[in-house]
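S.K.: Here's my sequence, what's the structure:
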Amino acid sequence: MNASFESSLTGAEAQFGRKLAARLTAGTVDLPHESVERLRAARVQALARRKVAQQLRTAPVVVSSGGAAALGGGWWTRVATFAPLVALVVGLVAVNMLQDEHRASEIADVDAALLTDELPPAAYTDPGFLQFLKTDEAVSR
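M.R.: Next comes the predicted model:
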């Protein structure tokens, strides 16, 4: 196994990797030479790709010349990270307050209509009055 790859593994993982590599190497004895060469070439390509990917992961952080806006994570990045969350919370609180105000206004309008009507509020809870309203609507049509 590759020494740099082995150093990034724990003891159990490295031991398993060595056993697996030995088992695969032992299995290539029965394969034709052409297949062994194709497997070797594929392994070389895979290791090259892994090396490139590893170099990309450990690329240095680029800092702009302005100093304030750093890609590495300055105070501006932290503020910009939490700004959408703060905006969402403020928006949800504002919507909740507007809905509560609208609901209270609707209830106040109904209460005002009931209290200023010619009928007493108890008439609206009377089942006979409800039946009277239904028959009155049917007659007026």
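S.K.: Would you mind measuring from the residue most central in space within the chain to Q99?
M.R.: Centroid-nearest residue in the chain: L85, 12.4 Å away (criterion: Cα atoms, centre = their mean). Using Cβ to Cβ, to the nearest Å, we find L85 at a distance of 21 Å from Q99. To be clear about C-beta, it is placed using only N, CA and C from the backbone, and glycine gets the same treatment.
S.K.: now the lengthiest helix in the chain, how far from the centre of its chain.
M.R.: Identified as the longest helix of the chain according to DSSP state H is helix 75-116. Distance, stretch centre to chain centre, for helix 75-116: 24 Å (Cα atoms, centre = their mean, to the nearest Å).
S.K.: got it, and stretch 124-139?
M.R.: That offset, for stretch 124-139, works out to 54 Å (Cα atoms, centre = their mean).
S.K.: Please settle this for me: is G128 part of a helix?
M.R.: Yes: according to DSSP: H, G, I helix; E, B strand; the rest coil, G128 belongs to a helix.
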